[in-house]
Each structure stands twice: as C-alpha cells, then as structure tokens.
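**Q** take this sequence and fold it.
(one chain, ligands or ions: 1)
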Amino acid sequence: MRLLIIGTGYVGLVTGTCFAEMGHRVICLDIDAEKVSNLQQGIIPIYEPGLEEMVKRNTAAGRLSFTTDMTQGVAEAPVCFIAVNTPSSKDGSADINHVREVAKAIASCMNDYRVIVNKSTVPVGTAEEVSMIIQGSLDERGLNCGFDIVSNPEFLKEGNAVNDCMKPDRVVIGVNSERAATIMKEIYSPFMLSHERLLTMDIASAEMTKYAANLMLAARISFMNELAGLCELTGADINKVRKGIGSDKRIGYSFLYAGVGFGGSCFPKDLRALRALAAAMDYSTPLLKAIEETNARQKQLLGKKIAAYYSEAGGVVRKTIAILGLSFKPDTDDMREAPSLVLIDQLMKGGASLRLYDPVAMDKAQELVQDSDNLCWCHDEVEAATGADALVIVTEWRQFRFLDFVALRHKMKGKVIFDGRNQYHPEEVVKHGFDYISIGRKAMFAADDVSPEAKKLRQLLRVLLAEATSG
Ligand code: NAD
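**A** Numbers count the residues shown, from 1 in each chain. Below you'll find the predicted structure:
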C-alpha cells in the first residue's frame, strides 16, 4: 500500500522505514527541507541501531522516498500518518499546533477519500478536533470526498526503535469506521504473521492508552527512586530489593531501576500533558504530581551527593569531574531533558571543571551545553578520566559496564566514583582503591570503610539525603 508519513523525526522516520521494509511504498514528508535533502542523500538525522542500513536498503529498492511536497504526497497515498512533534506548551499541556497545521495541509490538497492516522502523542479529543478541521476545510472547498480519522499511538523505545517497530508488543488502533479498520488491519498485517497483536478500540481509549503506558513506566521509575532514598537511610540495598520484587510475576523486572531520574522526549512531556489535561477538567491527579516531583528531585541528587563528598574540601570548586554518558539513555543520541544536563549545570555553577564523554551524543550535547573554558569534550572514557578528581556514570552505555578500574586508578588524580546507574559491585570498585557512591546503596570507602572519616562522610550523605528529600 502507498503510505504518506508526515513528520520525519524519530517516530516518522523509524515507522516509515519499517513499513517500507515490510513491502509498503512509503513517502516520508517533513517541513524541514534540510532534513529531507539530507535523507535523500542517505544522511540520517538520528542515531538508532540498525536504522541507517534499513533506510538505505529501502530507498535503493524504491520503497522509501523523502519529500517536502504535501500535494504530491497526499495525491499518491490513500493513508496519511501524522507523526509530528507535540511539545509541551508553557502551561505543560501538549501543544498540538503542528498536528493542526498538518490536518489543514492535508485537507487543502485531498480530493478523494483518505484515512488520516494520528501517530503523534496527543490528548484525548485531538482526533475529534482534527476531524473538524478537515471537515471544515472540505466544506469550504465544496468537496464531499469523505475521510476517516484513526488514532494509532506509537510505543517504540528510542535505542531499540527498529526492533520495537518490526516486532511490536501490540498495535493499538482507535477507530470508529469499519472501512478504516479494514485498511489499518491490512497495513499492519505483515507485522502480525507470528500472532495477532492488533488491539482495536474507540479513538478516545487509544489516545489515552499512550499516556497511560508512558506514565505507568514513569511511575515505576519514580517509585524505585523514592525507595532508593529510603534504602540509603535504612541500610537496605535497592538492587537487592529490585530482584526481590521483580521476581514476583505480577510485578516483573522491567523499569525498576533506581538511578538519576528519567528524561527523554516523552515521559516528562507526557506527564505534564496528562496533568494539564486533568487540571483543565478540575480532576486532581496526586499520583502523577508525585511521579514528577520525585523525578525532579532525583535529577538533582547525584550533583548534591558530589557536593556533599567535597564539602569538607570547600565544595566542587576547582575539582575536575569526568562525566561518562550524556544522552538520556543508552543507544540513542537524544539529549532531550537528559539528567546529564541538570548535573552539568549544577557542577558548572559550583565551579567545577568537567571532562565529558558520550559514545554517540557528543554533537547534540555540544549544541545544548554552553561552551566554557571549564569544559573538555573527550574522545573516550579513559581520556575523560585522565587527571579527574572524580568519575561520574550518568548513562549506562554497555561499553562502561567493564571499566578498567586499574587503568582508571592510574589515570585519575582522585579516587572516587559516583555511579548514577548502579552499574558495579561496590566491593569490586572499593578493592581497586576507589570510594564508591551509588544510588540506593550504602556508600563505600576505600581507605578504611569504618574509619572516622568514612563514618563522617556517610553521615553527611545521610543528612544530605534527608535534607534533599524532606518536605
Ligand atoms: P521529532 O521532533 O523527532 O520529529 C518531528 C518531526 O515533525 C520533525 O522532523 C519536524 O520537522 C516535523 N514537523 C513538524 N511540523 C511539521 C509539519 N507541519 N509538516 C511536516 N513535518 C513537520 O518528534 P518524535 O520524537 O518523532 O515524536 C513525534 C510524536 O511521536 C510526538 O508526539 C511524540 O510524543 C510521539 N512519540 C515519540 C516517541 C519517541 O521515542 N521519540 C515514541 C512514541 C511516540
């Protein structure tokens, strides 16, 4: 089938390419002419494992093309997907202006029946609004060609997006017309060969499902981060607690990692959007509020721990701190709302010098972090650690899993590792002569773990934790 995907960002490019891989003929459209021109030359705007080869293969086979021409796209494709960004407005609500613009643009050039599928994450009621925009425009043009609106939220995870799209856990279709439902089933039929994974429902429920899925995952992360603080205060170990509860089939292991808080392009924005939607209806959502507040304080916590560690030495001023991992999670170069940005800001304000390294997000990070003489962008983890007083793990890229602690000990000036992702066994790190401070686990000290200094520092961290999280 011929498909038009409007918005060639993370979602549009990945889903469009996967549709092409399954044999559909896909036109990806964007208003960003430079992005489209780059894609036409095989230059991919995002890092996503497996995507580049797939784009090139399908472009060469003539199944995938890129354009800025809406009239041509709508003329050729009976099904138009909307996959544009829906950022936060000032009040936190989802800004659906790009969706509205696209609806108007489609309506201004459609001449026959079209299915308009919304893949962007949008508040309940958006499909209805899109429908009104299109109907209004067709009425103005005196055209009665008919159309259907479908909600088809996307659940891909950045870093595993191609795989998620090719083998979705489920495909949610919100639809109120048999004709459109049949077309959507046909589009997704190549993805259902092993078993049926298509869930058809009404449009409002489909729109709400996307928010519900993201916020359930965000809730699990904030829950674990909140418990992590209690673990530190009580002497429990959050990693052990995770295994203890994850083994319960009703709970499961996924999304139960304590860390530096969640970021990215979806969870924070969708949380704000659903809270704003509820507020507009005078419906209170204390749980959603708590997820957001816990996350905000968690993003500050690692920086506060670093400051507490150096408090006796006058703070982080003139300390050199190496940060490993800048993207909001591994296997992506996406820096949107990344916890690393909060930490960089805290440490820079505290007067530290930073040595930064990420396997793929360096360019995007450089666009967001203000340049300074106190910043050094490094080529690998060893260069970052060289001469550093402290090493901080912020994003758990696989290549950081087996750090060469012996080499690091020689390269670094100081001897402390702050691990925002609980990647290492504390005993192992301490054995190599490092102090080791992680999340939701007891801080461990190399010199003498029961020395008065170690006790004092541990007490300081406890006070800090209580202070940072009280009220
Ligand atoms: P993105 O910012 O990466 O890409 C959006 C693209 O839309 C951009 O290339 C932009 O130029 C284009 N665009 C904007 N207005 C346009 C217009 N009028 N006409 C044509 N193109 C236009 O965004 P994204 O991350 O792909 O997200 C898209 C939607 O999907 C959002 O609603 C998001 O919440 C949702 N979503 C994102 C993810 C994710 O992991 N990124 C996952 C699931 C759902």
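**Q** count of neighbours near the spatially closest residue to Arg220 that is not a sequence neighbour?
**A** Leaving aside its sequence neighbours, Arg220 sits nearest to Phe255 (Cβ to Cβ, 6 or more residues apart in numbering; 4.2 Å). For the C-beta atoms, the positions are set from N, CA and C on the backbone; glycine is no exception. Phe255 sits with 15 neighbouring residues when counted by other Cβ atoms under 10 Å.
**Q** so how far is the ligand from Phe255?
**A** For Phe255, the distance to the ligand equals 15 Å [Cβ to the nearest ligand atom, to the nearest Å].
**Q** how about the contacts made by that residue?
**A** Leu217, Arg220, Ile221 (Cβ atoms under 8 Å, 6 or more residues apart in numbering).
**Q** can you give me the pLDDT of it?
**A** For Phe255, the model assigns a pLDDT of 96.
**Q** contact partners for the residue lying farthest from the centre of the chain?
**A** Distance from the C-alpha centroid of the chain peaks at Gly142, with 43.4 Å (Cα atoms, centre = their mean). Residues near Gly142 by Cβ under 8 Å, 6+ apart: none.
**Q** from Asn111, how far off is it?
**A** Using Cβ to Cβ, to the nearest Å, one obtains 12 Å as the distance from Gly142 to Asn111.
**Q** and what of Gln300?
**A** For Gln300, the distance to Asn111 equals 55 Å [Cβ to Cβ].
**Q** coming back round to it: narrow the contacts of Phe255 to those in helices?
**A** Members of the contacts of Phe255 lying in helices (criterion: DSSP state H): Leu217, Arg220, Ile221.
**Q** can you pull the phi/psi pair for the spatially most central residue of the chain?
**A** In the chain, the centroid-proximal residue (Cα atoms, centre = their mean) is Gly264; its distance is 3.0 Å. Dihedral angles of Gly264 (phi, psi; degrees, to the nearest 10) stand at phi 90, psi -180.
**Q** thought Asp95 was touching Val84?
**A** No. Using Cβ atoms under 8 Å, Asp95 is not in contact with Val84, being 10.6 Å away.
**Q** which of those two has more neighbours?
**A** Neighbours were counted for Asp95 and for Val84 using other Cβ under 10 Å; Val84 has more, 25 against 16.
**Q** and the more buried one, what does it touch?
**A** Val84 makes contacts with Ile6, Gly7, Gly9, Gly12, His98, Val99, Glu101, Val102, Ser120, as judged by Cβ under 8 Å, 6+ apart.
**Q** what strand or helix carries Ala296?
**A** helix 286-309 (DSSP states H and E).
**Q** packing partners of that helix?
**A** helix 203-234, helix 267-280, helix 339-349, strand 390-393, strand 416-419, strand 435-437, helix 452-469 (3 or more Cβ pairs under 8 Å, 6 or more residues apart in numbering; DSSP states H and E).
**Q** determine the set of other helices and strands touching the shortest one.
**A** By that I understand strand 435-437. helix 286-309, strand 416-419, helix 426-431.
**Q** what about 7 Å?
**A** Helices and strands touching strand 435-437, by 3 or more Cβ pairs under 7 Å, 6 or more residues apart in numbering; DSSP states H and E, are strand 416-419, helix 426-431.
**Q** can you tell me what sits against the shortest one?
**A** To tie it back to what came earlier, the one meant is strand 416-419. Residues outside strand 416-419 that contact it (Cβ atoms under 7 Å, 6 or more residues apart in numbering): 302, 305-306, 309, 390-393, 429, 434-438.
**Q** can you say which of the residues you listed are buried?
**A** 302, 305-306, 309, 390-393, 429, 434-438 (16 or more other Cβ atoms under 10 Å).
**Q** Ser194: which of the residues you listed is nearest?
**A** Taking Cβ to Cβ as the measure, Ser194 lies nearest Ile393 of those, at 37.5 Å.
**Q** any idea which residue of the stretch 201-350 of the chain lies closest to the ligand?
**A** Ser265 (4.6 Å; Cβ to the nearest ligand atom).
**Q** in terms of helices and strands, where is Ile321?
**A** Secondary structure from DSSP H and E places Ile321 in strand 320-324.
**Q** same for that strand, what does it pack against?
**A** Secondary-structure packing of strand 320-324 (3+ Cβ pairs under 7 Å, 6+ apart): helix 339-349, strand 353-357, helix 381-385, strand 390-393.
**Q** out of the ones you listed, nearest to Val171?
**A** helix 339-349 (31.1 Å).
**Q** quick check: angle from that closest one to strand 320-324?
**A** Put simply, helix 339-349 runs at 170 degrees to strand 320-324, going by axes from the mean of the first three to the mean of the last three Cα atoms, to 10 degrees.
**Q** how about residues contacting helix 339-349?
**A** 260-261, 263, 299-300, 302-303, 306, 316, 321, 323, 325-326, 328, 335, 354, 368-369, 372, 374, 394-395.
**Q** follow-up on the earlier one: surely the residue nearest to the centre of the chain is in contact with Phe328?
**A** Yes. Gly264 lies in contact with Phe328 (Cβ atoms under 7 Å); the separation is 4.4 Å.
**Q** now do the contacts for whatever residue of the chain ends up closest to the ligand.
**A** Nearest residue of the chain to the ligand, counting by Cβ to the nearest ligand atom: Gly9, 1.6 Å away. Going by Cβ under 7 Å, 6+ apart, Gly9 touches Ala83, Asn85.
**Q** give me the domain ranges for this protein.
**A** According to automatic domain parsing, the chain comprises the domains 2-201, 293-470.
**Q** what about the last one and the ligand, touching?
**A** Read that as domain 293-470. No. Domain 293-470 does not reach the ligand (Cβ under 6 Å from any ligand atom); its nearest approach is 7.2 Å.
**Q** what residues sit buried inside stretch 338-353?
**A** Buried residues in stretch 338-353 (16+ other Cβ under 10 Å): 338-344, 346-348, 350, 352-353.
**Q** ok, stretch 13-26 next?
**A** Applying 16+ other Cβ under 10 Å to stretch 13-26 flags 13-22, 24-26 as buried.
**Q** same deal with stretch 171-180?
**A** Those would be Val171, Val172, Ile173, Gly174, Val175, Asn176, Ala180, for stretch 171-180 by 16+ other Cβ under 10 Å.
**Q** kindly report the same for stretch 222-230.
**A** Neighbour-count burial for stretch 222-230 [16+ other Cβ under 10 Å]: Ser222, Phe223, Met224, Asn225, Glu226, Leu227, Ala228, Gly229.
**Q** same thing with stretch 56-64?
**A** Here stretch 56-64 shows Asn58, Thr59, Arg63, Leu64 as buried, counting by 16+ other Cβ under 10 Å.
**Q** which two among those residues are spaced furthest apart?
**A** Checking the buried residues of stretch 56-64 with Cβ to Cβ, the most distant pair is Thr59 and Arg63, at 7.9 Å.
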